[in-house]
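[1] Below is the sequence, then the predicted model.
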2 protein chains.
Amino acid sequence: MTTTGLTNDVSLDVVADLAAQLRVDSIRSSTSAGSGHPTSSMSAADLLAVLVTRHLRYDWDEPRAPANDHLIFSKGHASPLLYSVFKAVGAVSEEELLNGYRRFGQRLEGHPTPVLPWVDVATGSLGQGLPDAVGVALAGRYLERLPYRAWTLCGDSELAEGSIWEALDKASYYKLANLIAIIDVNRLGQRGATDLGWDTAAYAERAMAFGAHTIEIDGHDLSVIDHAFVEAASNVAGDKPTVIIAKTIKGKGFSEVEDSPDWHGKPFPPDMADRAIAELGGLRNLVIRGPHPDPAEPGPALEHPSTLPQQPGDHPQPSKDWPEYKTGEKVATRKAYGDALVALGARDDKVVALDGEVSNSTYAFEFARAFPERYFEMFIAEQQMVAAATGLAVRGYKAFASTFAAFLTRAYDFIRMGAISGVDLRLVGSHAGVEIGADGPSQMALEDLAMMRAVHGSTVLYPADGTSTAALVAAMADTPGISYMRTTRGNYPGLYDNGEAFPVGGSKTLRSTATDQVTLIGAGVTLHECLRAADRLAADGITARVIDCYSVKPIDTGALTAAVTDTAGRLVVAEDHHPEGGLGSAVADALLAAGQRDFRLTRLAVREMPGSGTGEELMAWAGIDAEHIADAARQLTSEP
Amino acid sequence: MTTTGLTNDVSLDVVADLAAQLRVDSIRSSTSAGSGHPTSSMSAADLLAVLVTRHLRYDWDEPRAPANDHLIFSKGHASPLLYSVFKAVGAVSEEELLNGYRRFGQRLEGHPTPVLPWVDVATGSLGQGLPDAVGVALAGRYLERLPYRAWTLCGDSELAEGSIWEALDKASYYKLANLIAIIDVNRLGQRGATDLGWDTAAYAERAMAFGAHTIEIDGHDLSVIDHAFVEAASNVAGDKPTVIIAKTIKGKGFSEVEDSPDWHGKPFPPDMADRAIAELGGLRNLVIRGPHPDPAEPGPALEHPSTLPQQPGDHPQPSKDWPEYKTGEKVATRKAYGDALVALGARDDKVVALDGEVSNSTYAFEFARAFPERYFEMFIAEQQMVAAATGLAVRGYKAFASTFAAFLTRAYDFIRMGAISGVDLRLVGSHAGVEIGADGPSQMALEDLAMMRAVHGSTVLYPADGTSTAALVAAMADTPGISYMRTTRGNYPGLYDNGEAFPVGGSKTLRSTATDQVTLIGAGVTLHECLRAADRLAADGITARVIDCYSVKPIDTGALTAAVTDTAGRLVVAEDHHPEGGLGSAVADALLAAGQRDFRLTRLAVREMPGSGTGEELMAWAGIDAEHIADAARQLTSEP
């Protein structure tokens, strides 16, 4: 092992001084704020001092420089350390560190978020930074072919999260040698010892078994740390991620609290802070920057692991032509998703796709076959799938991630954090609701619309036919924030002419006369039931308006309020979803928010626990089929 | 290794015959249904034939016999195999297998659920059966002290789920030698090869690194399988879970489909089924039962791993006295949760608690100190926490599981599956909403009420003071299904006299006169803001009714409709939650469902992305504090 060419020329004596400064500043910032995690910062201060002075290649004046390394604090509660690093490189002032940390309206939040230009992703829900870094590393290795590394600081406590092992599994599968995880094994969690304590060998065994190049070190020996980073950087030429397991001491540097289980997440009172700062050698104001990014041209992409069995006709010249569907002809919206994704991919090389090992069900496989180099199979690891999409979004890719809608519940914490990260994520859930039939309730998403509507700034789409699905897939590519599309298992007839526009926030009125007596509102599978119900009602002499609420959030308030006015306030909404938080709630919320009072809204939804059956049987059982919709409409029109 | 005393006397020749029957019946049932996973069943048929004839100790006439072993199909899609096993032991008829599988109104659902008396938990969302089994094994080892084993069949694909590794981490930490995982490594997932294929050594390395006793076998060699199960059973005396890694062939026994990637989740057409059955030696109707449960008396409990640093005053004689709080005196509802849980634990030894490494924040540590033998630290593994609670519930324990409310989003798929499993789970989320202040948005649950309301049959509680919290903790102990309580970080004044009743589905009207002009509705932190707002309004001569909606689901429709009538339809609801799916939605839904039309509901909620700050600053910023509530009320009362 040599350090030539790989490290900067900051001497380890200076690094030691900087490490003390990082500790002192972690203490000062948290004490000034009256909250925060100084001891969790102090354990990792030596690691960060060596990293930022000698290994992290980063142009602090240009945080968006393409070849910058990435620095992700998976242990987001060590924010005092991260912000002290930002001060040490001259990016954040002492004034901001001492008066801005954890204060209202300031950007040095309790846990890092990308309101700071040097932060890629929000962390603070543990076990997410490393999975996110996998996405960044995938972009670097397979798409951008840039020499940046993704350095990720993890806590030892968070290694109890399964998502960390999903991340290492994918990192080794995809040979992400540009991913370097540094585990700060300070042995103590919030309420006491971790389950493995200082058994760094056990961590190493696990990381190795998951395919990582593993280095065990003393996390307070600067020279040893430096050598480990050199080794990790050398390994970047290889085909394994590196995991550095650093044995550290929580609160290191202040003897009163070192290795104490009683000082997690507590700032030191001012008198203790004074003693700690004195023990650490007092205040310092070093400003030191490490190496600049490697200006290398993009190199060759790594050979992409084959994830799909090769088939005749693979890798065709994908067409940029937009998919077209005939009205009346049956197609599944999941198929239209796949078709549109391919056309989108042909038009925009920033479009990438991921799937959770069900691409032949979600139709993501069409994209995988057309653009294998832009498709990332995440196997059955939905958390990692969303995290990888998040990391790819950090690098500017338009990531579409798909699985069965029910299994997106597995990744809810990651979706929520994606919103806080401010990334644009495009999630697609197929096989939703009781309509899927025989597989039974474990596979039936009946909470997904509620879950996705409750995400800040989200967009929720649920199209009913191929044409509208394809148009909305295109819309998602340009939709900021978290967007979600629910697709359907079964084949349903096309409703719209090709070329028709489907703006997000819009709706379509499929049946309408000057004398409508009642409005039927559906989306996805229930829209087809509404249309059938309207036919039945027509036979009874009742004219029904039918609205396709393909945009569940934002919803077309104008069309809904017009329906209230035009159809004497009589509305029926049917959804293949539990009654809470889905389409019915969206309609009710919109009408009430618009000040509508004179309406009666009958809400049909899945109110009992389903079993197996055919889709038709189950929709009838749930009371969301044409017959029940027609009955509800008859009831409304028969009332005074 | 000997087989004496551990195995039954069914010869391996007969076992081989039975294995063929299980394959044939898996084919027949799925072909008859027109859907299902025959090939995923056939790979594991030999494993199950040996297990049920010679190792699984189970009284099929008494599925609730306490000492019965447990058989959990973590790969729930192999339901044809499971149901064929039920036929082979005479529990299910051939008629039911052939005419009931995956049919409407029948109990042989597409994926197993506990509508069948021999099924413990619903599976079908992969990576959940093994975590659930950890809960069952915890009960056997630490609480019931019964000699049963939890045999769990896993697929290889599902080993990509991090939850599997959370499970093995806890299984080894808790020395669950009564847990035996059998991994059916047939190398093929739904859309092609798994990431590790047939690299059984890699799986073994991972399982070993996670602390399991690991056995690699040929999953089609009956004698080898038998020896592995003997070894696993012998290991039950030890201190490690066993993981048996069985190399198998998907579709084994029918040469046309063996090891083919094209036959996942597809029934054979009738002609193929005929050829398969012929190749497998035709129909059989063997009925064979294996050994009976060990009638042993409860043995000694395993020594419980210490999870909390010992403190003076630990292990006191916990009082059965119900905690009492003075009105006006400030207490955090999370503290009242801990207090009530201890009192409940003293009265009912079926009460157990789990926490995700934040027990000093949730106050679950009070229970952990009082009843260490009934407390299970799950570290930072929320999925496993909910799964362990599920497994403990299977064994009849009243499990309370707590963490920060935000982090329950991590376990949403497990919560959803818990509802399908029909277990009673009591979940408690602390530190919700912007009220937590400085830690920032990653720690702020703002989707939890929406998420929990959308779960089938759930109960959602959000008390505002210590007395109501304690009463509702007691109510949760007797509440079926998934119940959720949101607790609060800060200290708030007591509102209610001790002994007051707080029925689930009720509410409290805290301010009321004969001439109320407007109603203010809050829960938790916003209730205190409503009370302050009412004071301000009173100063302006506006009399406001104040309702404590501590029961968000079910909600007190009667109190809400009375408020509409009494206060001229003027309502303000404030919640520390996103506007979708929470308290405001619950109120709107209830009023509309009750046929109320003449009301105006102003909904105050968190509509933008918060940062750090004090709780007061952030509630003011979000527009959910007393001032904004009072303003909204003034606005309503000033309108005609």
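    Thanks, I have it. Numbers count the residues shown, from 1 in each chain, chains lettered A, B, ... in the order given.
[2] Look up the closest residue to A:Thr614, ignoring the ones flanking it.
    Of all residues not flanking A:Thr614 in the chain, A:Gly437 sits nearest, at 5.0 Å (CB to CB, 6 or more residues apart in numbering or on different chains). For glycine as for every other residue, the C-beta is placed from the backbone atoms N, C-alpha and C.
[3] Now that neighbour: phi and psi?
    Main-chain torsions, A:Gly437, degrees, to the nearest 10: phi 80, psi -110.
[4] Might one say that it is in contact with A:Pro610?
    No - with contact defined as CB atoms under 8 Å, A:Gly437 does not reach A:Pro610; the gap is 9.5 Å.
[5] any residues in contact with both of these two?
    Here A:Gly437 and A:Pro610 share the contacting residues A:Leu618, scored by CB atoms under 8 Å, 6 or more residues apart in numbering or on different chains.
[6] Could you check which residue of chain A lies nearest chain B?
    Here chain A gets closest to chain B at one residue, A:Gly162, 2.2 Å apart by CB to the nearest CB.
[7] Check the burial of the residue lying closest to that residue once chain neighbours are set aside by counting its neighbours.
    The shortest distance from A:Gly162 to any non-neighbouring residue, by CB to CB, 6+ apart, is to B:Gly162 (2.2 Å). B:Gly162 has 28 neighbours, counted by other CB atoms under 10 Å in any protein chain shown.
[8] what does the one 10 residues further on give?
    Burial measure for B:Ser172: 24 neighbouring residues, criterion other CB under 10 Å.
[9] could you say which helix or strand contains it?
    When elements are assigned from DSSP states H and E, B:Ser172 belongs to helix B:162-173.
[10] Now do that helix: which elements does it pack against?
    Judged by 3 or more CB pairs under 8 Å, 6 or more residues apart in numbering or on different chains; DSSP states H and E, helix B:162-173 is in contact with helix A:162-173, helix B:129-138, helix B:382-394.
[11] just checking, what packs against the helix or strand that the second one is followed by?
    What that stands for is helix B:129-138. As assigned by DSSP H and E, the chain's next helix or strand after helix B:129-138 is strand B:150-155. For strand B:150-155, the packing partners by 3+ CB pairs under 8 Å, 6+ apart come out as helix B:45-54, strand B:70-73, helix B:129-138, strand B:179-185.
[12] got those as TSV, with mean pLDDT and distance to B:Leu601 columns?
    Output for those, formatted as TSV (pLDDT from 0 to 100; distance: least, CB to CB, whole Å):
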stretch	mean pLDDT	distance to B:Leu601
helix B:45-54	98	56
strand B:70-73	98	46
helix B:129-138	98	41
strand B:179-185	98	51
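[13] Tell me which of those sits most buried.
    Compared across those, helix B:129-138 shows the largest average neighbour count, a mean of 32 (mean count of other CB atoms under 10 Å in any protein chain shown).
[14] Check which element follows the strand or helix carrying A:Leu520 along the chain.
    According to DSSP H and E, A:Leu520 maps onto strand A:518-522. Following strand A:518-522 in sequence order, the next helix or strand is helix A:525-539 (DSSP H and E).
[15] what's the angle between that following helix and strand A:518-522?
    160 degrees (axes from the mean of the first three to the mean of the last three CA atoms, to 10 degrees).
[16] is chain B contacted by stretch A:61-78?
    Yes - where contact is defined by CB under 8 Å from any CB of the partner chain, part of stretch A:61-78 touches chain B, namely A:Gly76.
[17] hey, C-alpha coordinates of that stretch in PDB?
    Provided in PDB are the C-alpha atoms of stretch A:61-78 (Å, rounded to 0.1, in the frame of the first residue of the first chain):
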ATOM      1  CA  ASP A  61     -17.100  26.000  -5.000                       C
ATOM      2  CA  GLU A  62     -18.900  23.800  -7.500                       C
ATOM      3  CA  PRO A  63     -21.100  21.300  -5.600                       C
ATOM      4  CA  ARG A  64     -22.700  20.200  -8.800                       C
ATOM      5  CA  ALA A  65     -19.400  19.500 -10.600                       C
ATOM      6  CA  PRO A  66     -20.100  16.200 -12.400                       C
ATOM      7  CA  ALA A  67     -16.900  14.400 -11.200                       C
ATOM      8  CA  ASN A  68     -17.200  15.400  -7.600                       C
ATOM      9  CA  ASP A  69     -17.100  12.500  -5.200                       C
ATOM     10  CA  HIS A  70     -20.300  12.100  -3.100                       C
ATOM     11  CA  LEU A  71     -20.300  12.300   0.700                       C
ATOM     12  CA  ILE A  72     -23.500  10.800   2.200                       C
ATOM     13  CA  PHE A  73     -24.100  10.700   6.000                       C
ATOM     14  CA  SER A  74     -26.300   7.600   6.300                       C
ATOM     15  CA  LYS A  75     -26.100   8.300  10.100                       C
ATOM     16  CA  GLY A  76     -27.800  11.700   9.600                       C
ATOM     17  CA  HIS A  77     -27.900  12.400  13.300                       C
ATOM     18  CA  ALA A  78     -24.200  13.100  13.100                       C
END
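[18] List the buried residues for it?
    By 16 or more other CB atoms under 10 Å in any protein chain shown, the buried positions in stretch A:61-78 come out as A:65, A:67-78.
[19] Show me the shaky parts of the stretch 201-350 of chain A.
    A:296, A:306-316 (pLDDT under 70).
[20] can the strand holding A:Leu520 be found next to chain B?
    No - using CB under 8 Å from any CB, no contact is recorded between strand A:518-522 and chain B, whose separation bottoms out at 13.9 Å.
[21] Get me the contact residues on the stretch 251-400 of chain A for chain B.
    Residues of the stretch 251-400 of chain A found near chain B (CB under 8 Å from any CB) are A:261, A:307-309, A:357-361, A:365, A:379-384.
[22] Give me the subset of the residues you listed lying in helices.
    Per DSSP state H, helices hold the following members of those: A:359-361, A:365, A:382-384.
[23] Using TSV, please lay out those residues together with pLDDT and distance to A:Phe104.
    TSV is the format used below for those (pLDDT from 0 to 100; distance: CB to CB, whole Å):
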residue	pLDDT	distance to A:Phe104
A:Ser359	97	45
A:Asn360	96	50
A:Ser361	97	47
A:Phe365	97	48
A:Glu382	98	35
A:Gln383	98	32
A:Gln384	98	35
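[24] Make JSON lines out of these and add neighbour count.
    Converted to JSON lines, these look like this (neighbours: other CB atoms under 10 Å in any protein chain shown):
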{"residue": "A:Ser359", "neighbour count": "27"}
{"residue": "A:Asn360", "neighbour count": "20"}
{"residue": "A:Ser361", "neighbour count": "21"}
{"residue": "A:Phe365", "neighbour count": "23"}
{"residue": "A:Glu382", "neighbour count": "33"}
{"residue": "A:Gln383", "neighbour count": "30"}
{"residue": "A:Gln384", "neighbour count": "34"}
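[25] re the thing from before, tell me the two of the residues of the stretch 251-400 of chain A next to chain B that are most distant?
    Greatest spatial distance in those: A:Pro261 and A:Pro309, 52.1 Å, computed using CB to CB.
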